[in-house]
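Peer 1: Return a 3D structure for these sequence lines:
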Amino acid sequence: MDEQNRNLLLATALSFAVILVWFIMFPPPEPDALPENPVVEQSAGDGVATTPSAAPALGSDAPAAAPSETTEADNSPRVNIDTARLEGSISTLGGRIDTLRLKDYKETLDETSEIVTLLSPVGTPNAYYALHGWAPGQGLGLEDVPGPNTQWSIVSNGALTEDSPVRLEWQNGSGLTFSKEIAIDEDYLFTVTQSVQNTSSSTVTLAPYGIVARHGEPQGLKNFFILHEGVVGMADGELAEIDYSDMPDFAMDVREGAPAEVTQVEANGWIGFTDHYWMTTLVPAPGTPFKAVAKYDPRRDIYQTEAVLPTVTLETGGTVQSQTQLFAGAKEWETIRSYQTDGIDRFLDAIDWGWFFFLTKPIFAVLHYLNAWIGNMGWAIIGLTLLIKALLLPLAYKSYVSMAKMKELQPEMEKIKERAGADRQKLQQEMVALYKKEKVNPASGCLPILLQIPIFFSLYKVIFVTLELRHAPWLGPFNDLSAPDPTSIINLYGLLPNAAPDPNSIMGLIFIGILPLLLGVSMWLQQKLNPAPTDPTQQMIFAWLPWIFMFMLGGFASGLVIYWIANNVITFTQQYLIMRSQGFKPDIMGNIRSGFKKRAAGSEDKK
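Peer 2: Numbers count the residues shown, from 1 in each chain. Take a look at the predicted model:
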């Protein structure tokens, strides 16, 4: 094997090493958090989220909110939520949307598994809920406005459905009547319309708000640098993310109140919490300025996001109304994209596309449409691989033509080496002259491999973060392409019903599945397009390389391994056909036999 082909194979190994080392040693930095502008508030009790402060105008100082009362388990009347995709309920205590389950998604692949629970009420582990209300301004006290513990009355009858909104009402006893109408569409978007009627004798000011709060870090937190979990927000085109682990960093003494990260949104934005596959986000109407707040109460261990709208003035005999939307559901690309098309600014950025967003976004879009056309995500990944290889074919063609020409020049190169002897400068000069004369670029073989690095990582990101790969089946035992290969010699590669070893265990590392085995074989065959290197050390390295990567990628998502197998097979075919078209016929079987003979000879020498 000539030196350039050895470099080509070495580049392949180094490319994988660069990917692994880079993202372990230098994970992408978190985006800038929301600019700091603390909201002055008093500490709340142990029960629910803190009521936000009203502000006479965006950016000005605000009066403090009083503490919320500690609450017991919520036994208040409830309004059921029952749509094609959601089930749950709304508590009349605070008007909280605090019980929500996703009908289309199960916790596991087990047929008896429970459906995914997104929101849960106070008094249950890891309570997670949304509520809307009014913060008091001039002329009002905390007792004059509805808060997290206000007992609302149900005005409308029946459950909340796609066709039937619900209406709640509360009177403060001083001439103000508050009403709240909650509607929902066919997917995951709630519309909360709040109104206040003033029959008192005085003018008052107040500010509408929405809150999403969760008690403690969510269960099943991945804590993986490739995935953002925590606060996510958009403020006039700027994405902001704060991990749960970073929120206590700006916690202050409880006596000083819960600190906050605040930004003033001029026209378009949203804020909430995102998990791996699910999200709960407050979305003020497009064009509406608001104050986006993210804060953490260390004493009660409550994470909270708020959207506080501008303060309004309500004169005697007048009525004011405010409308806010709430997304609570699965981060489905097509659904979120439709909401973005309908006016929610850059809502697709709620999906964590990462640094290579310029690749991950189009890669997933193509994968999505291929899946819609084919009807199977596994075959869609193979189809995507074909498209990527087709786009890179011009570069691959030049690379393999150059490699074929290098084979033809091999005798001449050997003569140059003999003439130059130990004079490396003379060797380099004559080699460069030969390449220039024959119009051969020895480095061209590395370019397609280098381009594969960002593509490989982008597809890894897509498969890991997008919901559409979760529990996506391919064929046979491969029923979740976001999970590692479920087969092993222990279950006869899927023929027996018992599970394979945990991929994170020693047994799982040793007894790998059929896909990693196919990956190793495909890499090994790709090597056999060229003779083994003559240097014993290089020969040993390249002999072990396919099998090393076979075990390294054994714990990766099976969808990614399918992509890499397909990539190897297509690359093998392209290289073989192109080199044949240039008059060079790779001796695959001869190279295989030669490899076995050298190993046998090495074993004899050791004896």
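
Peer 1: Please count neighbours and contacts with C-alpha atoms only from this point.
Peer 2: Fine.

Peer 1: what's the helix or strand for the closest residue to residue 491 other than its chain neighbours?
Peer 2: Leaving aside its sequence neighbours, residue 491 sits nearest to residue 498 (CA to CA, 6 or more residues apart in numbering; 5.8 Å). When secondary structure is defined using DSSP states H and E, no element contains residue 498, which sits outside every helix and strand.

Peer 1: Cross-check the contact I'm expecting between residue 498 and residue 489.
Peer 2: No: contact between residue 498 and residue 489 fails when scored by CA atoms under 8 Å: they sit 11.0 Å apart.

Peer 1: and residue 211, what does it touch?
Peer 2: 49, 130-132, 282, 304-307 (CA atoms under 8 Å, 6 or more residues apart in numbering).

Peer 1: Any stretches of the chain with poor pLDDT?
Peer 2: Flagging of the chain using pLDDT under 70 yields the residue ranges 1-47, 50, 53-74, 249-259, 407, 441-449, 530-536, 538, 591, 594-607.

Peer 1: how is it carved up into domains?
Peer 2: 3-25+364-606, 78-353 (automatic domain parsing).

Peer 1: any idea which of the ones you listed is most buried?
Peer 2: Mean neighbour count (mean count of other CA atoms under 10 Å) peaks for domain 78-353 among the domains of the chain, with a mean of 19.

Peer 1: picking up where we left off before, any idea how far the residue nearest to residue 491 is from residue 508?
Peer 2: In this view, residue 498 and residue 508 are 14 Å apart by CA to CA, to the nearest Å.

Peer 1: and what of residue 454?
Peer 2: For residue 454 relative to residue 508 (CA to CA), the value is 28 Å.

Peer 1: swap in residue 520?
Peer 2: The gap separating residue 520 from residue 508 is 16 Å, by CA to CA.

Peer 1: again with residue 381
Peer 2: For residue 381, the distance to residue 508 - CA to CA - is 25 Å.

Peer 1: Same question for residue 307.
Peer 2: For residue 307 relative to residue 508 (CA to CA), the value is 47 Å.

Peer 1: Please apply the same query to residue 438.
Peer 2: 51 Å.

Peer 1: quick check, residue 133 in a helix?
Peer 2: No: judged by DSSP: H, G, I helix; E, B strand; the rest coil, residue 133 forms no part of a helix; its state is strand.

Peer 1: Tell me both backbone torsions, phi and psi, for residue 409.
Peer 2: Dihedral pair for residue 409: phi -80, psi 0, per degrees, to the nearest 10.

Peer 1: so what's it up against?
Peer 2: Applying CA under 8 Å, 6+ apart to residue 409 gives no contacts.

Peer 1: That one and residue 526, how far apart?
Peer 2: 22 Å.

Peer 1: Secondary structure of residue 338: a helix, I assume?
Peer 2: Yes: judged by three-state DSSP, residue 338 forms part of a helix.

Peer 1: in the chain, which residue is closest to the centre?
Peer 2: residue 465 (3.1 Å; CA atoms, centre = their mean).

Peer 1: gap between that residue and residue 225?
Peer 2: Distance from residue 465 to residue 225, by CA to CA: 12 Å.

Peer 1: now residue 492
Peer 2: Residue 492 is 35 Å from residue 225, by CA to CA.

Peer 1: looking at the chain, which residue lies furthest from center?
Peer 2: Largest centre distance within the chain, by CA atoms, centre = their mean: residue 419, 57.7 Å.

Peer 1: and that one, how far is that from residue 432?
Peer 2: 15 Å.

Peer 1: Number of residues surrounding residue 358?
Peer 2: Residue 358 is flanked by 11 other residues according to other CA atoms under 10 Å.

Peer 1: Is it part of a helix or strand, or is it coil?
Peer 2: helix.

Peer 1: which residues sit in contact with the residue nearest to the centre of the chain?
Peer 2: 227, 276-277, 351-353.

Peer 1: again, 7 Å this time
Peer 2: 227, 276, 352 (CA atoms under 7 Å, 6 or more residues apart in numbering).

Peer 1: Could you verify that the second one is part of a strand?
Peer 2: Going back to what we said before, that points to residue 276. No: the assignment for residue 276 is coil, going by three-state DSSP, so no strand is present there.

Peer 1: Give me the spatial nearest neighbour of residue 344, chain neighbours excluded.
Peer 2: Per CA to CA, 6+ apart, closest to residue 344 is residue 286, 6.7 Å.

Peer 1: The one you found: what secondary structure?
Peer 2: coil.

Peer 1: Distance-wise, check it relative to residue 335.
Peer 2: 18 Å.

Peer 1: again with residue 107
Peer 2: Distance from residue 107 to residue 335, by CA to CA: 20 Å.

Peer 1: Please apply the same query to residue 120.
Peer 2: Residue 120 is 23 Å from residue 335, by CA to CA.

Peer 1: Residue 363 too?
Peer 2: For residue 363 relative to residue 335 (CA to CA), the value is 18 Å.

Peer 1: likewise residue 429?
Peer 2: 60 Å.

Peer 1: Check residue 579 too.
Peer 2: In terms of CA to CA, residue 579 sits 46 Å off from residue 335.

Peer 1: cool, and residue 293?
Peer 2: Noted for residue 293: a distance of 26 Å to residue 335, by CA to CA.

Peer 1: again, but for residue 570
Peer 2: Relative to residue 335, and taking CA to CA, residue 570 is found at 34 Å.

Peer 1: try residue 362
Peer 2: In terms of CA to CA, residue 362 sits 17 Å off from residue 335.

Peer 1: Could you do residue 541 as well?
Peer 2: Residue 541 is 48 Å from residue 335, by CA to CA.

Peer 1: Next: residue 329.
Peer 2: 10 Å.

Peer 1: Could you list which of the contacts of residue 211 belong to helices?
Peer 2: Nothing among the contacts of residue 211 maps onto helices, per DSSP state H.
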